[in-house]
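Enquirer: Got a predicted model here, sequence first, then my questions.
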Amino acid sequence: MVEEAIAEHYGEGEMRCPVHLSIGQEAAAVGVCDALALTDKIYSTHRCHAHYLAKGGDLNRMFAEICGKAAGCIGGRGGSMHLMDLEKGMMASIPIVASSIPIATGSALADKRMRSGKVTVAFIGDASIEEGVFHESANFAVLHRLPIVFVCENNLYSVYTPLRQRQPDRPLTNVALAHGMRAAHGDGNNLEETYRLMSDAVAHARCGNGPTFLLLDTYRWREHCGPNFDNRIGYRTEAEYLQWETRCPIRALHKKLGSGLAPQREKAMVEAITVEIESARAFARAAPLPEPAQASQFVYA
Amino acid sequence: MVEEAIAEHYGEGEMRCPVHLSIGQEAAAVGVCDALALTDKIYSTHRCHAHYLAKGGDLNRMFAEICGKAAGCIGGRGGSMHLMDLEKGMMASIPIVASSIPIATGSALADKRMRSGKVTVAFIGDASIEEGVFHESANFAVLHRLPIVFVCENNLYSVYTPLRQRQPDRPLTNVALAHGMRAAHGDGNNLEETYRLMSDAVAHARCGNGPTFLLLDTYRWREHCGPNFDNRIGYRTEAEYLQWETRCPIRALHKKLGSGLAPQREKAMVEAITVEIESARAFARAAPLPEPAQASQFVYA
Amino acid sequence: MTAQAVSQERIITLADAIREGLIESFARDDRTFMFAQGVDDPASMWGTIKGIAKRFGEDRIIEMPVAENGAVGIAVGAALNGQRPVIGFHRVEFALLALEQIVNNAAKSHYISNGQHKVPLVIRMVIGRGWGQGPEHSQSLEPIFSYFPGLKVVMPAFAADAKGMLISAIEDDNPVIFIEHRFLHYATGHVPEGYYKNPLDGPRVVREGKDVTIVATAHAVLEAIRAADVLRDIGCSVEVIDMRVLRPLNMATIQASVKKSGHLITVDTGFVMYGIGAEVVAAVVGQNFSALKAAPVRLGLPDHPTPSSRGLVVGVYPDSLRITREVGKMLGIGDDKMQLALASLEEQRKNLPIDAPDPFFKGPF
Amino acid sequence: MTAQAVSQERIITLADAIREGLIESFARDDRTFMFAQGVDDPASMWGTIKGIAKRFGEDRIIEMPVAENGAVGIAVGAALNGQRPVIGFHRVEFALLALEQIVNNAAKSHYISNGQHKVPLVIRMVIGRGWGQGPEHSQSLEPIFSYFPGLKVVMPAFAADAKGMLISAIEDDNPVIFIEHRFLHYATGHVPEGYYKNPLDGPRVVREGKDVTIVATAHAVLEAIRAADVLRDIGCSVEVIDMRVLRPLNMATIQASVKKSGHLITVDTGFVMYGIGAEVVAAVVGQNFSALKAAPVRLGLPDHPTPSSRGLVVGVYPDSLRITREVGKMLGIGDDKMQLALASLEEQRKNLPIDAPDPFFKGPF
Ligand SMILES: Cc1ncc(C[n+]2csc(CCOP(=O)(O)OP(=O)(O)O)c2C)c(N)n1
Ligand SMILES: Cc1ncc(C[n+]2csc(CCOP(=O)(O)OP(=O)(O)O)c2C)c(N)n1
Ligand SMILES: [Mg+2]
Ligand SMILES: [Mg+2]
């Protein structure tokens, strides 16, 4: 709903930065983060909205950041692709594909050294395993049995290029096995399954048994970057899209909750969320832009 | 014998560049190159002497290059780590670990595009699969079914660091399988076995079936860089060394040839080779240094 | 001649000019091919690769996995073996992953092989700014590449140059870093039809003048021209030099201009510090010490990363206003005249967003 | 004070000084650890990491797989999370593989996080020359790193500075690129014992003089000092400034010196073109236009890669002879005097190989 609001209002020109929406991929973010403690850490990519919110990131500061306002989670310096909330363990989002992977690995190394018991998650896309640095990090993480879970959301595309044009046809989990890493594979649109697999991976990591590569199948509904639907442009078929629509993670959850969630209660929740979103939007709209002089701050610590 | 001559005379200070000797790893170089046509191409690393000679590189120009003379295979510009002989398909040696891998991959791509029927070999060490660019290249080579063989000489060490300190304990061939690549594994000190495995890989590549990762077990006898033996310094045990000495590729070959090679003929061969080496050394010693003005040539084509 | 004359009427965007350059090169030499991320992406690199796959076939424009270091190395390998690859990076930042391949294998294979190898390779990189790209998607890293002998570094400001220099770059036997400023893709200009080459021979005077020399790169050239135009109206004659080729650096045009004008302002798209302007200034004072009548001024980015918010980029990018002010200061132009010039610039920019290309730069110039 | 006085007597190599710096930092703060390739390598990075594993344990000096980009990223990640890593690269070329991590994550995490993240990281890199290393093992890439705000770039010339600045670098909350010239590892100097810090505050005068200012980096500082010594003998007073810190760049000392001497020579360990000297010259003429009485001269590497053969490197590296000659030309020193100075230098270098460290540079200075 948050991202639908972004999509709806992007055209107004208040959100002046590239946005990569997670609509369709919500269950992966939520299932993974639900299996974590607040003090656990996550690192994300250009497509970071769902991760930020699932880890408890502040909605007002998110909208403000996307609108380039001083009240943004990083004061408007980064925009949509750089969301973070240190207090919630949303450590960083990095828009260079795979660039966050060694950072997350180093985070796990630090926690191992400090014996903090914390677990780190590197959220990555299917394309990031094409980058060499993924393999460099995986090798290191296994070698040092680091407390980390590499959560790969395979949405079948990198921008508009399908997986089969970028990688040979073999299970993506092979890349983990090649590095001697534990691997698991599940339906990323199934919240419960994701949660279960992730809980196993977290337990494994927390006990000092090392990393897991958790491959989650999912699908991006909107365009790669921007607010619109884009099936008409031809890089994927309408049929493929519709097939994934039937696997909508939210509808699936809804169905499962079934009788558990009284219609009234649901309505109330939706209303509450809508209010929250509208108020965050209003907050961001009303918030002042940062002062130009702030641009030269924080170059050096 | 060539390299023993280098080792013997390195101390004289004529060979003023780092040298990484292949003593102990000869069979891998020879077995691989014997399975290639003259027009096939190889790319090597810092440890390139055996590859250069096995592919038919000129001995005079090799010694001259190591001595920094104008008659060197690249005019003294690179020294020991940059040997090449275009006419023999010894395309380049590159001393940055794994840096030659994508170059070799691109070479295979060019041959595929030109339908030349040529096969490319990337000689790599066990450490180079730690570099991300190996994986990037492997993915691409498989995706495009390139005519290339990645020959990995596993000598158990990177400089003085044993494999187990750098990589998890799992078959190195897994890294190929992870990328959907054909893999083979053999005794790199066994000339015949190497030749046989390599011939299969070359046939596979030449028929358009794509790349092979050929893992060859072998061992470096001398120090990583320089002319001496170095077991005393303690990074590896004398016992390990002695065990590998019993697997000397040359002695093994010798034994196999057994009756085939008459002692007289052998003696004659050794003498001929000795003469050749001495004459190459003399050639290099007598050859003039390049003129300083040549240093500024060939910056731009 | 008639074709040429007619073409002078033809106004297209710099992005389309690049596309035409690619098409001409692809048509003439089938050793030419391209590596791209997003061959089927409808955005098609600002339209620059639109329709190329359809026209020339899939093996002339190869989809590149997201693996930049590998891609450049593979392209270098193909180039060493008789192919003529072109690679495109949507953001210069992605090329940072490939710097080892660029610096060691692309730039030095000709040298190290004692002239036996050649690396006919073009690496397109998009630099620049706008629409909140933020600190990791809007850097201008031309000085990094310009540092390395063996590379050529080309940076067009005009559509016609972009096409003609791209064709030259593709036909060149050296690795050429071809830098495209993001905003310039939308700029328009007269572009001849068909095949033609503009030499990679160095800086060029794009506005003649005698009072001050402004040396600028890419988008900054357009800002300088705009400043020159308003300054001309108040009687100040500005010579604008478009750097075009940062390496190998041919200083002759700049030296001649400074000898005439005695005044020098450099305008970088990247950082001032350790930037292109530093080399230009140092080369001028080193070789023509007494030419300058006043301290040279270097403009460019201040010493911090380029933030996303439109609130934060106010004053970050050197624009025609700043250039105009610096010229005024350097030449001691009176306040009243300056007010005229600046007011006219302000009027032009009024109400325009700071983070999108300025329609003034549509050209043609 | 006594300790300090005693230590003035202690002469050790720069390599040992670095080792002591590491040991002091490791002992004071157990968040400090090092990533190295070859922890057990007896060469131990020119001796700089000798014995550290034994003394502090294996988890304080971690063997790094051969994966530089990953290693830097992992170190940045550890630094963001409260650790204080040091990485060592035996050749600056290996760091090229990690440029994306250095430029985007190390340099910008503090900025992008609006000050929330800090990256206390030291990246040691060895630049330089000698023993036929050749074009891919002997580059000097300090200008590349100096271009990026957010990085600090430190380049010691003296053993005492190497130790004191390394300790400062490790205690600094910013990513510090710590550049070590290969030859300098063998140079010796007075080095205090125990813990001390030398601030990362910028250039420093290492020979006072009034006729000409020479601004040099690392090994070139020693060449400049040597030139200054013979020039003093013929009555010419040379001020030598050791750059020490290339970023953030503090020009105050250099500006003051040039105002006094009116003459400027820069000596880079890297390329002249787009090098450190360009920024120094441009900053001097930009801020103190009338200070210079003659054209500034920039020395450094010529515009081609650094070849391996001792036959090819003749004249490639700027040495004390060349510096002396340039000073003579700039100040118009008479031929007879110059012959004296040059002859004395030639005598010193007679019969020394060109591709190994000069024993003159053993120091102490
Ligand atoms: C190093 C690098 N190369 C290319 C890009 C351009 N790019 C931005 S997002 C993206 C797609 C990545 O795909 P994936 O990892 O599957 O994530 P998804 O967008 O599908 O969530 C690409 C290629 C980039 N940001 N960084
Ligand atoms: C990118 C890079 N990192 C580090 C080095 C330093 N180095 C030179 S040789 C070598 C060992 C490589 O080991 P391996 O690939 O197994 O080859 P071997 O020396 O055993 O033949 C290393 C790490 C280098 N040359 N390049
Ligand atoms: Mg994807
Ligand atoms: Mg090895």
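Expert: In hand now; what should we look at? Numbers count the residues shown, from 1 in each chain, chains lettered A, B, ... in the order given. Ligands and ions are numbered 1, 2, ... in the order given.
Enquirer: Skip the chain neighbours and tell me the closest residue to the residue of the stretch 151-300 of chain A found nearest chain C.
Expert: Nearest to chain C in the stretch 151-300 of chain A, going by Cβ to the nearest Cβ, is A:Leu289, at a distance of 2.9 Å. (C-beta placed from N, C-alpha, C; glycine too.) Of all residues not flanking A:Leu289 in the chain, C:Gly311 sits nearest, at 2.9 Å (Cβ to Cβ, 6 or more residues apart in numbering or on different chains).
Enquirer: same question, A:His20
Expert: Once flanking residues are discounted, A:His20 sits nearest to A:Arg47: 4.2 Å by Cβ to Cβ, 6+ apart.
Enquirer: would you say the one you found is within a helix?
Expert: No. Counting by DSSP: H, G, I helix; E, B strand; the rest coil, one finds A:Arg47 to be coil, located in no helix.
Enquirer: List the residues that contact it.
Expert: For A:Arg47, the contacting residues are A:His20, A:Leu21, A:Ser22, A:Gln25, A:Gly125, A:Arg220, by Cβ atoms under 8 Å, 6 or more residues apart in numbering or on different chains.
Enquirer: Quickly note the distance from A:Leu53 to A:Lys88.
Expert: Going from A:Leu53 to A:Lys88 by Cβ to Cβ, to the nearest Å gives 10 Å.
Enquirer: more crowded one of these two?
Expert: More crowded of A:Leu53 and A:Lys88, by other Cβ atoms under 10 Å in any protein chain shown: A:Leu53, with 23 against 20.
Enquirer: quick one: which of the contacts of A:Arg47 sit in strands?
Expert: A:Gly125 (DSSP state E).
Enquirer: so can I have JSON lines of the contacts of A:Arg47 showing distance to ligand 4?
Expert: Shown next, in JSON lines, are the contacts of A:Arg47 (distance: Cβ to the ion, whole Å):
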{"residue": "A:His20", "distance to ligand 4": "41"}
{"residue": "A:Leu21", "distance to ligand 4": "46"}
{"residue": "A:Ser22", "distance to ligand 4": "43"}
{"residue": "A:Gln25", "distance to ligand 4": "42"}
{"residue": "A:Gly125", "distance to ligand 4": "33"}
{"residue": "A:Arg220", "distance to ligand 4": "42"}
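Enquirer: Ligand 3 next: which of the contacts of A:Arg47 are close?
Expert: Among those, the residues that sit close to ligand 3 (Cβ under 5 Å from the ion) are A:Gly125.
Enquirer: which one of the contacts of A:Arg47 is nearest C:His137?
Expert: The closest of the contacts of A:Arg47 to C:His137 turns out to be A:His20 (Cβ to Cβ; 12.1 Å).
Enquirer: Please identify the buried residues of stretch C:328-335?
Expert: Burial within stretch C:328-335, assessed by neighbour count using 16 or more other Cβ atoms under 10 Å in any protein chain shown, is assigned to C:Gly328, C:Met330, C:Leu331, C:Ile333.
Enquirer: If you could redo that for stretch A:201-213, that was the one I meant.
Expert: Quick answer for stretch A:201-213 (16+ other Cβ under 10 Å): A:Ala201, A:Val202, A:His204, A:Ala205, A:Gly210, A:Pro211, A:Thr212, A:Phe213.
Enquirer: and the two most separated of those?
Expert: Using Cβ to Cβ, these span at most 13.5 Å, a distance reached by A:Val202 and A:Phe213.
Enquirer: shared neighbours of those two, anything?
Expert: Joint contacts of A:Val202 and A:Phe213 (Cβ under 8 Å, 6+ apart) are A:Val149.
Enquirer: Please consider this matter closed, and thank you.
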